[in-house]
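Asker: Kindly return the folded structure for what I paste below:
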Amino acid sequence: MTAVLPSLPETTFAEYEALMAILDAGRARMAVSIVGEANARGRAFPIHVVTLGSLDPQAPAIGFFAGIHGLERIGTQLLLDYMRSLVARLEWDELLQDELRAVRLVFMPIVNPGGMWAMTRSNPNGVDLMRNAPQNAEGRVPFLAGGQRIGRWLPWYRGASGAPMEIEAATLLRVVEQELLPRPLSFALDCHSGYGFRDSIWFPYAKSTRHIGHLPEMFMLKAMFEQAHPHHGYVFEPQSMQYLAHGDLWDYAYDRCPASSIFLPLTLELGSWLWIKKNPLQILRREGMFNPIKAHRTERVLRRHTNLLDFLARAAYGSQRWLPCGASRDLLMTRAVEYWYRRPRR
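Answerer: Alright, predicted model coming up:
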């Protein structure tokens, strides 16, 4: 008996069409590259990278990523809204123009176009891209959710042991290695949504309770954000404080950072239970488990997180004023370790 596939759009989806409209409007300001191609049920979807700002290879850079999980559309919508705003502001905003003469922005708003088209968390091969890097966790991971190799019919499938990384994951890492890691300073912000009652900002490691080498810089970034936006409402912490996971892409990218560079990867995890609590019936819809359904709640999300995206650009622009060094960096390391790794866990 032949399985009946769910009804799907023929060749495109709303977020892809929105990206095309932004690229058309911003063609005089943005450089666009097709860096890969994902295939889903006989359809080919290009993977786009959009860049703007400084061409100096030593300039600080920020990579904005979303759509790694195809069901989590709100992250892509957030980046598209920000890109749309930048295109409009560059017509008149001289402060933004000055900022972009010194900072490079890199956008990869739909990492997993096949999964987004098919409305699946995984890519079209059934692989969870955030569990697809080759490293294993250094401790116990949650059953299934920490990454599994039982089979693609279960969620959080890592892919077969020893197999090459999926095209979407490998493409993301190639962009990071080309655009971000060679620079003296770079940031990444990867936008997701998942079960939670609070929005969170996570940073590596997911594989281990060990801390990253750039913990003082991460602690300073947190402190500056709290000073600038004291009512931000995020939980800012290492992902390992929540759970360990195999194959995290940002762990893998961070470990490939040259010793001479500073790379600060962040994951914005939007808490979907905030939306479900206000509209419980949306949990009956697959997309409702990971995205706000009502238009006014989507608009609120798009407004709420703009401060974070703008803050990262300002932090990159003013990095020489806050990057710690010498004895002050050693002190920050001690404070950061005590704050994140030696206090009682919730």
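Asker: going forward, measure contacts and count neighbours with C-alpha atoms only.
Answerer: Noted.
Asker: ranges for the helices of the stretch 1-150 of the chain?
Answerer: Per DSSP state H, counting those that start in this stretch, the stretch 1-150 of the chain has helices spanning 14-25, 73-89, 94-102, 113-118. These are given in chain order.
Asker: Adding distance to Ala145, write those out as JSON lines.
Answerer: What follows is those, written out as JSON lines (distance: least, CA to CA, whole Å):
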{"stretch": "helix 14-25", "distance to Ala145": "27"}
{"stretch": "helix 73-89", "distance to Ala145": "20"}
{"stretch": "helix 94-102", "distance to Ala145": "39"}
{"stretch": "helix 113-118", "distance to Ala145": "18"}
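Asker: Which one of those lies nearest to Gly213?
Answerer: Comparing the helices of the stretch 1-150 of the chain against Gly213 with CA to CA, the closest turns out to be helix 94-102 (25.8 Å).
Asker: tell me the SS of Leu189?
Answerer: Classification of Leu189 using DSSP: H, G, I helix; E, B strand; the rest coil returns strand.
Asker: now the strands for the stretch 151-300 of the chain?
Answerer: Remark: strands assigned in the stretch 151-300 of the chain by DSSP state E, counting those that start in this stretch are 185-194, 200-203, 235-238, 262-271.
Asker: CA atoms only for the second one - export them in PDB, please.
Answerer: Taking C-alpha atoms only, strand 200-203 is exported to PDB below (Å, rounded to 0.1, in the frame of the first residue of the first chain):
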ATOM      1  CA  SER A 200      17.200  31.800  26.900                       C
ATOM      2  CA  ILE A 201      20.600  32.700  25.500                       C
ATOM      3  CA  TRP A 202      22.800  29.700  25.500                       C
ATOM      4  CA  PHE A 203      26.500  29.300  24.700                       C
END
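Asker: deepest of the helices of the stretch 1-150 of the chain, which one?
Answerer: helix 113-118 (a mean of 26; mean count of other CA atoms under 10 Å).
Asker: Show me what it is packed up against.
Answerer: Packed against helix 113-118 by the contact rule (3 or more CA pairs under 8 Å, 6 or more residues apart in numbering; DSSP states H and E) you find strand 31-40, strand 43-53.
Asker: just these: most buried one?
Answerer: Comparing the helices and strands packed on helix 113-118 on average neighbours per residue, with mean count of other CA under 10 Å, the densest one is strand 43-53 at a mean of 18.
Asker: still on that earlier bit, among the strands of the stretch 151-300 of the chain, which comes closest to Leu71?
Answerer: Of all those, the one in closest proximity to Leu71, counting by CA to CA, is strand 185-194 (9.0 Å).
Asker: The closest one pairs with which strands, parallel or anti?
Answerer: Strand 185-194 has its sheet partners listed here by DSSP bridges as strand 61-66 (parallel), strand 262-271 (parallel).
Asker: can you tell me which residues contact the nearest residue to Gly70 once chain neighbours are set aside?
Answerer: With sequence-adjacent residues excluded and distances taken as CA to CA, 6 or more residues apart in numbering, Gly70 is closest to Met116, at 3.7 Å. The contact partners of Met116, by CA atoms under 8 Å, 6 or more residues apart in numbering, come to 13, 67, 69-71, 73, 110.
Asker: And those residues, which is closest to Asp248?
Answerer: His69 (13.0 Å).
Asker: Tell me how many other residues crowd the closest one.
Answerer: Burial of His69 is recorded as 28 neighbouring residues (other CA atoms under 10 Å).
Asker: Quick check: it touching Ala118?
Answerer: No - when contacts are counted by CA atoms under 8 Å, His69 is not listed as touching Ala118 (11.0 Å).
Asker: Can you give me the distance of Ser193 to Gly75?
Answerer: According to CA to CA, to the nearest Å, Ser193 and Gly75 sit 7 Å apart.
Asker: hmm, I was thinking of Arg343
Answerer: Shown here: Arg343 relative to Gly75, a distance of 31 Å by CA to CA.
Asker: just Gln135 next, same as before
Answerer: With the distance defined as CA to CA, Gln135 ends up 26 Å from Gly75.
Asker: Same check on Arg256?
Answerer: Taking CA to CA as the measure, Arg256 and Gly75 are separated by 25 Å.
Asker: same deal with Gly318?
Answerer: Gly318 sits 26 Å away from Gly75 when distances are taken as CA to CA.
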